[in-house]
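Enquirer: from the sequence below, what's the structure:
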Amino acid sequence: MSDLDQALSQYLSGSLSRRDFVRRLLALGVGMGFIESLLGPGVRRAMAAPDVRKYPSHAPYVVVLVMDAFRADYESLAPMPSLHWLMQHGTTYSNAWVGHLESYTPTGHATISTGARPAHNGVIGFSWRDPKTGQEDYTAWWQGVMSGRLEAQLQQHGVNSIPQAMKRQDPHARVVALSSEKYYAADALGGSAADYIIFGQPVGKRIVTRGIPHHIPPQSFLEQPSMSRAWPLTYGQFDEMAMTMALQSLSTLDPRLLMINLPGADIYGHRVGGPASPDVMRRIAAAADVQIGRLIGELRRRGILDQTIVVVTADHGMVGNTFQLDDSVIKHAIRDAGGEYLFHVGGNSAYIWLKNPAAAGSVAQKMVDAFPTLPLYRSADAQSVAFAHYQTLEGGQYTYHPVVPTGTAVDVELEKAYQYLLQTFAGPIAPDIALWFEENTITSHNPEVHGEHGGATWGAQHIPLVISGPGVRRNHTSPFPARLMDIAPTVLTLLGLHPERMDGIVLADALKGATDSQSTTQHDLTGRLNEYQAALIARSAADIAQQSGDSAPAPKKLGA
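Expert: Next up is the predicted model:
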């Protein structure tokens, strides 16, 4: 008996509900048109309606939309009426920030999904040191994702996630995660619990829709004409393709949880320097808002908008290259300081792994003393270009120690902020040395404007966050410094689920019915997080103030 015959037999015998029968047919690749001819034209609307027997008190649907590298201040570049509609119908966090390191795409998406800091979910960036081999581990790149290693990393660390919790509540709930370009973002969002993980892959002169192995949607979905485009894409097309995937998923795959990465702001932010090219980013912001509007429209058309929790955020920010430090300079500085270079990753910081990690302290000190100077750790006659932290393992505890130029003092408040952020990824796979630069300084080879992220500066950390839907306070703006790790606990609470094994907190001030315990937890954390943010913002403001007198048209190279 074929799978189709078996499903039909179970449905006719009453052992399979009408809803589950339709889901089974969709999973087997049967089109909705044929299903409607079989069961009647009301099937689509019936599938869109919530199963009140399962979710009598809570919203049955969730959409998490991540605008990749969308700085919080991009919202002011262009009218964004769709985003503002969600803000009016929900809670906005004006001081939302990444709140962890590294501020890269795999890390941000894994943290959004799991509610766990990178040290606990195991995804600290694109690559890290394999503690078994001592070599660079490329788990978040193509081979690692396609072979299942990224999902295995999350599983091995025993974290919870929005998809896992939803599946435990309802094993038949369908989970879809997708991006038009960033396969690693979609995989980090969905993880092993997702039914379908979808991304766009350039093939010749086309970009076509594919699925991550073990999460591939029906061939009939992949072969729809709307699932491919001429390649390369431009401006808003990356986000348009991702949203088309999402709307097609709503129509044919019937997800209860839909997780979307819109990559446009990141792709063009890197190319044009992000905030350094406001005219380009204005177009990107406007195009992203059009896609948010398409999502709202489809949820409304399906009759489920009022039953859907919608989260809109970003995984990190973006900074330009007012100053840039060539990667080769960093490598030479490591070796000149006595370090045995293994690898490093850049962005607007430098995370360094050594073959001789025991020497990290002396290497970091010599490197910091060797660089030109920046303003935050200044003495009477010198300013430092970089400061650093190096990691040690003492008594079973991974700790980062500050390193500033000889003769200078540590900025106490800024150091507290860095210690907090460093502890979000400290551990056996974390870098031996973290080298920090001022705002708008990146490791780069680019003679023109270019954008980067990855570090702790405010431009890389400050992001938007809007939560709307059933159970959420409407037209409310909160100054609380919400972090990416706080999203999953809040979503699960809105679903009536307990957020187990998560480092984030429930954003109680977004809830209509927050408990006293939830409100107290948030209140107790507010002061510390505000202090950390204030130090980062002050650092950024000082950097930018110093740079504002420099009108050089091209990025300045340091240490070359």
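Enquirer: CA only for contacts and neighbour counts going forward, please
Expert: Noted.
Enquirer: got the domain ranges for the chain?
Expert: With automatic domain parsing as the criterion, the domains of the chain are listed as 3-47, 61-319+472-507, 323-457+529-558.
Enquirer: out of these, deepest packed?
Expert: Between those, domain 61-319+472-507 has the highest mean count of neighbours, a mean of 22, where neighbours are mean count of other CA atoms under 10 Å.
Enquirer: right, and the domains of the chain - which one's nearest P464?
Expert: Taking CA to CA, domain 61-319+472-507 is the member of the domains of the chain nearest to P464, at 4.7 Å.
Enquirer: check what pLDDT R210 gets.
Expert: Turning to R210, the model gives it a pLDDT of 97.
Enquirer: which elements pack onto the helix or strand hosting L38?
Expert: Assessed by DSSP states H and E, L38 sits inside helix 32-39. The contact analysis (3 or more CA pairs under 8 Å, 6 or more residues apart in numbering; DSSP states H and E) places helix 32-39 against helix 18-27, helix 43-48.
Enquirer: repeat that with 10 Å
Expert: helix 18-27, helix 43-48, helix 237-252 (3 or more CA pairs under 10 Å, 6 or more residues apart in numbering; DSSP states H and E).
Enquirer: got the end-to-end distance for stretch 391-409?
Expert: Length of stretch 391-409, first residue to last, CA to CA, to the nearest Å: 19 Å.
Enquirer: in TSV, list the helices and strands packed on helix 32-39 along with mean pLDDT and distance to L494.
Expert: TSV is the format used below for the helices and strands packed on helix 32-39 (pLDDT from 0 to 100; distance: least, CA to CA, whole Å):
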stretch	mean pLDDT	distance to L494
helix 18-27	74	24
helix 43-48	59	19
helix 237-252	97	21
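Enquirer: can I get the domains of the chain in a markdown table including distance to S519?
Expert: Converted to a markdown table, the domains of the chain look like this (distance: least, CA to CA, whole Å):
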| stretch | distance to S519 |
| --- | --- |
| domain 3-47 | 36 |
| domain 61-319+472-507 | 8 |
| domain 323-457+529-558 | 15 |
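Enquirer: for those domains, which one sits closest to L465?
Expert: Closest among these, using CA to CA: domain 61-319+472-507, at 4.4 Å.
Enquirer: sorry, back to before: let's test this: mean pLDDT of the helix holding L38, rounded?
Expert: The average pLDDT within helix 32-39 is 74.
Enquirer: of all the helices and strands packed on helix 32-39, which one is nearest Q224?
Expert: Among these, the nearest to Q224 by CA to CA is helix 237-252 (9.2 Å).
Enquirer: least reliable of the domains of the chain by average pLDDT, please.
Expert: Among those, domain 3-47 carries the lowest mean pLDDT, at a mean of 71.
Enquirer: could you pull out the helices for the stretch 301-450 of the chain?
Expert: Remark: helices assigned in the stretch 301-450 of the chain by DSSP state H, counting those that start in this stretch are 327-336, 360-370, 412-422.
Enquirer: how about CSV for those, with distance to S13 added?
Expert: Output for these, formatted as CSV (distance: least, CA to CA, whole Å):
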stretch, distance to S13
helix 327-336, 67
helix 360-370, 68
helix 412-422, 57
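Enquirer: what's the closest of those helices to T308?
Expert: Smallest distance to T308 across these (CA to CA): 32.5 Å, for helix 412-422.
Enquirer: any idea how far stretch 334-347 is from the middle of the chain?
Expert: Chain-centre distance of stretch 334-347: 27 Å, with CA atoms, centre = their mean, to the nearest Å.
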